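**Q** Okay, predicted coordinates and the sequence, questions at the end:
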There are 2 protein chains.
Amino acid sequence: MKLYEKLVHDIAEAIRAGVLAPGEKLPSIRQACLNHKLSPATIFKAYYELENLGLIRAQPKSGYYVSNHVLKTLAAHNTPLPEQESMTVAVSDMVFSILSSIKDPATVPLGSAFPWPALFPLERLSRSLARATKHMGAAEIVESLPPGNRHLRRQIAQRYLMTGIQADTDSIVITNGAFEALNLCLEAVTKPGDLVVIESPAFYGCLQALERLQLKAVEIPVDPVRGMDLEYLEQMLEKCPIRACWSMTSFQNPMGVSMPPDRKQALVELVTRYEIPLIEDDVYGELYFGLQEHQPAKAYDKQGYVMHCSSFSKTLAPGYRVGWALPGRYEKEVERLKVITSLSTSTIAQAAIADFLQHGGYDRHLRKLRAGFELQQHQYLHLVAQYFPEETQVTRPNGGYFLWIALPEYVDALLLFRQALEQGVSIAPGPIFSVRHQCRHCIRLNYSKPVGPDVERAFKTLGQLISAMKLGK
Amino acid sequence: MKLYEKLVHDIAEAIRAGVLAPGEKLPSIRQACLNHKLSPATIFKAYYELENLGLIRAQPKSGYYVSNHVLKTLAAHNTPLPEQESMTVAVSDMVFSILSSIKDPATVPLGSAFPWPALFPLERLSRSLARATKHMGAAEIVESLPPGNRHLRRQIAQRYLMTGIQADTDSIVITNGAFEALNLCLEAVTKPGDLVVIESPAFYGCLQALERLQLKAVEIPVDPVRGMDLEYLEQMLEKCPIRACWSMTSFQNPMGVSMPPDRKQALVELVTRYEIPLIEDDVYGELYFGLQEHQPAKAYDKQGYVMHCSSFSKTLAPGYRVGWALPGRYEKEVERLKVITSLSTSTIAQAAIADFLQHGGYDRHLRKLRAGFELQQHQYLHLVAQYFPEETQVTRPNGGYFLWIALPEYVDALLLFRQALEQGVSIAPGPIFSVRHQCRHCIRLNYSKPVGPDVERAFKTLGQLISAMKLGK
C-alpha cells in the first residue's frame, strides 16, 4: 500500500467509525504533514482522493471538511421478533424471480449475490486448467472422489494453518461450491421437522435450504454492529430442542456485519455447551479490508462442533464450483452425504484450483481484490448519499461487497424491486432475507461492479423511484 | 466394421442367443465361404478371433465347435419377494466400503461402477477445455446458471432428436452428473415417508437416494430377460399409494437387461395411467452393441410423466461431472431444486463438453468404445468359463460393461467380496443391490478394464476362493 493510500484508508476509517463527524474540519495540509511525517504532495493526493470518494469536501480559502451528506450509519438495535418461535420457510418464489433477472445482461446487477466476474483472473485460471489437465492420468479421476483431490485439500489445510487453525488434510471435504457444503452439513445433522437457528435477516440460500429439508427456523436477530444476539440465542437454546445453528460470522449477508472475536468465541462456547453443531458460512471471510485477517468462529472450536464452509467462488473462480467443508466431528457424515448426493466434484475444476493455489499468486490476487472492493464501497456510498433521501441509513462493512441500506419507512422494497427491474436495475429487497418477509424498507446493494455511467444511471433511477414513493404517500 | 468383425459379431450373437448350442459344429471354412460370400482368409480370421474369445474351439481334422464350457445364461425367472410391500432402506455401509476399495490403485477394480478411465479421450477433452475457457467471457458464468450452458443444452437436444425424441433446449436441466439429476428428480416428486417403486436388484445409488430422503421402497423384480415385471408393478400401483417409480430401462445395473421396446412403451402407459412420474436412469443407453440404437422409455412419453436422466460420465468424460435431466412436466421443480441444492454445475466442465460435442468426434469415440466393450464382454465371459465353477450362470447384456453372475448356492458373495479384497481384487456383491440384501450368491463384474495379466490373475484368485468355499461346505 502506498503512503497516500494508507492515509486515505485511515481517514475513511475514522469517518466510517464516527471519529470524524460530518461537518468537522480536517487538519490543514501543513498540520497533516507534521502529524503524519509526510510530504505535502502526499497529503494533497490523499485529500484529493477522499474528495473524489465524496467523503470530504474542499471549502475555498478555508480547508477540508467531512462531507455533510455523510450517511447515517445503521445503529445497533434489537429487532423485536413476533411471538412464534419457529417458522416454516417459503421464500423461493421471490428469490427465483431475482435470480432470473440477474441473467439478463442488460440489467445493472446491484441485486446480484455474485461478485462481478470481470474482477477475476479468468485467463490465468484457464492456464492452470490447461496445465493441470493436459497430463491428467486416468487414475486421478478415481482419486478425486470424496473427500476430494488430495493436492487441493492439502493447499486448503495450509491456508487454514496460516490463520491459526489446525486442519488435517483428511478432515476437509471438497464440494460443488460452499452452497453444496452448507446444504450437506445441514442435511447431515438434521431430519425433517427439526428446529434450526438462523440469523434474521439471513442469506436467502439458508432460508431455501431449510425450506427444502422441511426444517423449522428459529430466528435470532442480527444487529448491524455486534452481529447475532447471543443472549437471545442462549434463551432459545435453553427453551427449544434446537438441532443446529447456521451463522455467517464474518461480513454477514445481507448486513455485512462481522462478530467481534470475543463474540465469535462466546458463540462457539455456547454451541459446545449445548452440544449443537454450528454451521459456519464463511464465504466472505477472505474479503476483509485493511491488514487484519478475520478469523472465523472455527478458530475457537476445541471440540469439533463447528462445521466450517467456504469456497473459491467469491474470491478466485466464480463458476468453477469448488468449495469445501471442514465439518469437525461430523466429517464422516458429510463425506458420505456428498457421495450419495452428487458423487464427486468436477475433477478438472479441483485440479485447476489446486494448480492456481500453488502457482497462480492467489494472495496477490486477493490483496488487489480487497483493495478494489474497499475503494468501490466508498464510491457506492457516495452515490447513495448523492441520490437517496437524507434519512437513508447504511452499513459500512469492513469487508465483502454488500451494502445493507435502510430506506425511509415509506419505501416498499418489493415494489421498488419490481419498478427498478422494469428500468433495467436489479436490487435485492429486504423481505427475501427473512422468513417473515420483514425488512420491508431495506435493500441490499452489491458494489462489486466498478462504477461507470451504467451504475450512476442505476442510482439515479433508484433515487427517482424512491422520490416518487414519497410523493405517492 | 470390417467384414470379419461382422462375422465374429454375428456368430457370437448366435451363441449368446442359443441359436448355436454348446458342442454344435460350425460350418466348414468352405461352406462358410459359400454361405457368407466371403474369402477363406476372412473366415479364418473370424474363426481365429472366436477361438481367442473362447467361444469356439478347433478340433484337429474335424472342424470348429461351439465351446462346451459356454456358460449357462441366467434364465427368465420370477424372484419371489417376501410379504412386506415397502421397506426402509439401509445399504450405505456396505457400499462405502466397496467405494473406498476402488480408490486403491493396487486393487483390480472388477467391483467398480465406473468405466475404466483410460478408455476415454482425456487429452482431446483437455484441448476442448482449453479452447472453451481461453476466451470465456465473464458473462458466461452467469449464463451457465441453471438450467445451464445453452450451447450444451442445444447439443443434447439435437442428440435427443436423432433418437426420435423431441426435446426443447429449455426443457433440459444440466446437473453434476446423472446421479445428481436422479436425486433431484426423486426429491422433486416425493416427501419423506412416501412409497417409491424401485427395481430388485437395483443400482445401489438408487437405494442410497431413498435412504437419504427417507422414502420407502416397493421392490419390483427384474427378470434377466424381460426386465421389470410390469404385471407385478401394476398390482402394486393398484394397491399402494405410490408416488414415483425409478427404473433403468436399458442395460440395467446390475443385471444388464434392457426392456424390449414394447415393454418400455407399456411401462410409460402404465405410469401415465396412474399419473406417477417415472424416473428413467439411462446412463448406459448410448453403450449398446451392434447397430441398433436403444430408445429409452422417454421416447414413448406423450404426457411428460417420464423424467429422463443421463450424463457423459460413462460415455465420454468421467470426472467432469456433467449430466442432465429432461424432467418433462416436472421441469420447473427440478430446475429450482438444482439451484437451491448446489446452485450451478461447473461452468468450465459444461463449456468443455459442449465444445467436444461440436468438434471432438463424439460419435466416432462412442463407436470405438462400444466395440471395445463388446469384445471385452466375450473375453471376460471366457475367463468366467475358465475359472468359475460349471454351475455358474451369467447374463450376456447387449450393452454396457457389467456382467451379472449367479454363482453356485454355496457361495456367500459378501464373504467372497471380503476375501477377494484381501487379495487385491474387488467385486460388487449381490446384497448391495437389494433392500433385503438378497442375491447372496450373485456378483456384478465390471468388464471395462482391458484384459491383461492382472485381470487374469484376479479371475484365478476368485476361482480359487470359490473352490475353497465349496470345500468348506
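**A** Arrived safely, thanks for sending. Remember, it's a predicted structure, so these values are computed and weren't measured experimentally. Numbering: from 1, shown residues only, chains lettered A, B, ... in the order given.
**Q** now chain A, which segments are flagged as low pLDDT?
**A** A:69-70, A:76-92, A:473 (pLDDT under 70).
**Q** Tell me the buried residues in the longest helix seen in it?
**A** Under DSSP state H, the helix in chain A containing the largest number of residues is helix A:362-387. Of all the residues in helix A:362-387, those buried under the rule 16 or more other Cβ atoms under 10 Å in any protein chain shown are A:362, A:365, A:369-370, A:373-385, A:387. Heads up, the C-betas are built off the backbone N, CA and C, glycines and all.
**Q** Check stretch A:179-191 too.
**A** For stretch A:179-191, the neighbour count (16+ other Cβ under 10 Å) marks A:179-190 as buried.
**Q** Please apply the same query to stretch A:396-413.
**A** Counting neighbours by 16+ other Cβ under 10 Å, stretch A:396-413 gives A:396-408, A:411-413 as buried.
**Q** For it, measure first residue to last.
**A** 20 Å (Cα to Cα, to the nearest Å).
**Q** before we move on, what about stretch A:404-415?
**A** 17 Å.
**Q** next one: stretch A:30-41
**A** Terminal residues of stretch A:30-41 lie 11 Å apart, using Cα to Cα.
**Q** Then stretch A:407-424?
**A** The first and last residues of stretch A:407-424 sit 20 Å apart, counting by Cα to Cα.
**Q** Show me what it is in contact with.
**A** A:94, A:98, A:101, A:106-108, A:111, A:388-389, A:391-392, A:426-431, A:439-443, A:458, A:461-462, A:465-466, A:469-470, A:472-473 (Cβ atoms under 8 Å, 6 or more residues apart in numbering or on different chains).
**Q** now these: which count as buried?
**A** Counted by 16+ other Cβ under 10 Å, the contacts of stretch A:407-424 give A:94, A:98, A:101, A:107-108, A:111, A:388, A:392, A:426-431, A:439-443, A:458, A:461-462, A:465-466, A:469 as buried.
**Q** so which of the buried residues of stretch A:179-191 are also by chain B?
**A** The residues of the buried residues of stretch A:179-191 that also fall near chain B, by Cβ under 8 Å from any Cβ of the partner chain, are A:179-180, A:183, A:187.
**Q** need the contact list for residue A:270.
**A** Residue A:270 neighbours (Cβ under 8 Å, 6+ apart): A:230, A:233-234, A:237.
**Q** Looking at the residues you listed, which are in helices?
**A** Among the contacts of residue A:270, DSSP H puts A:230, A:233-234, A:237 in helices.
**Q** Highest neighbour count among those?
**A** In terms of neighbours by other Cβ atoms under 10 Å in any protein chain shown, the ones in helices among the contacts of residue A:270 top out with residue A:233 at 23 neighbours.
**Q** all strands in the stretch 251-400 of chain A, in order from the N-terminus.
**A** Using DSSP state E, counting those that start in this stretch, the strands found in the stretch 251-400 of chain A span residues A:278-281, A:306-311, A:323-326, A:393-394.
**Q** just the CA coordinates of the second one, formatted as CSV?
**A** Written as CSV, here are the backbone C-alpha positions of strand A:306-311 (Å, rounded to 0.1, in the frame of the first residue of the first chain):
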residue,chain,number,x,y,z
VAL,A,306,-18.2,-26.1,14.2
MET,A,307,-18.8,-27.1,10.6
HIS,A,308,-16.8,-24.5,8.6
CYS,A,309,-17.8,-24.0,5.0
SER,A,310,-16.2,-21.8,2.3
SER,A,311,-15.3,-21.8,-1.3
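**Q** is any part of it close to chain B?
**A** No. Using Cβ under 8 Å from any Cβ, strand A:306-311 never reaches chain B; the gap is at least 10.0 Å.
**Q** How many residues are close by residue A:35?
**A** Residue A:35 has 10 nearby residues by other Cβ under 10 Å.
**Q** Which segments of chain A make up each domain?
**A** A:3-66, A:72-118+A:364-472, A:122-362 (automatic domain parsing).
**Q** From the opening residue of the second one to its closing one, how far?
**A** Between the opening and closing residues of domain A:72-118+A:364-472 we find a distance of 25 Å, counting by Cα to Cα.
**Q** Same question for the longest one.
**A** In terms of Cα to Cα, the two terminal residues of domain A:122-362 are separated by 12 Å.
**Q** before we move on, what about stretch A:320-329?
**A** Stretch A:320-329 has an end-to-end distance of 28 Å (criterion: Cα to Cα).
**Q** again with stretch A:131-148
**A** The first and last residues of stretch A:131-148 sit 19 Å apart, counting by Cα to Cα.
**Q** For beta bridges, what are the partners of the residue nearest to residue A:24 when sequence neighbours are not counted?
**A** Closest residue to residue A:24 apart from its sequence neighbours, by Cβ to Cβ, 6 or more residues apart in numbering or on different chains: residue A:66 at 4.8 Å. Judged by DSSP bridges, the bridge partners of residue A:66 are residue A:56.
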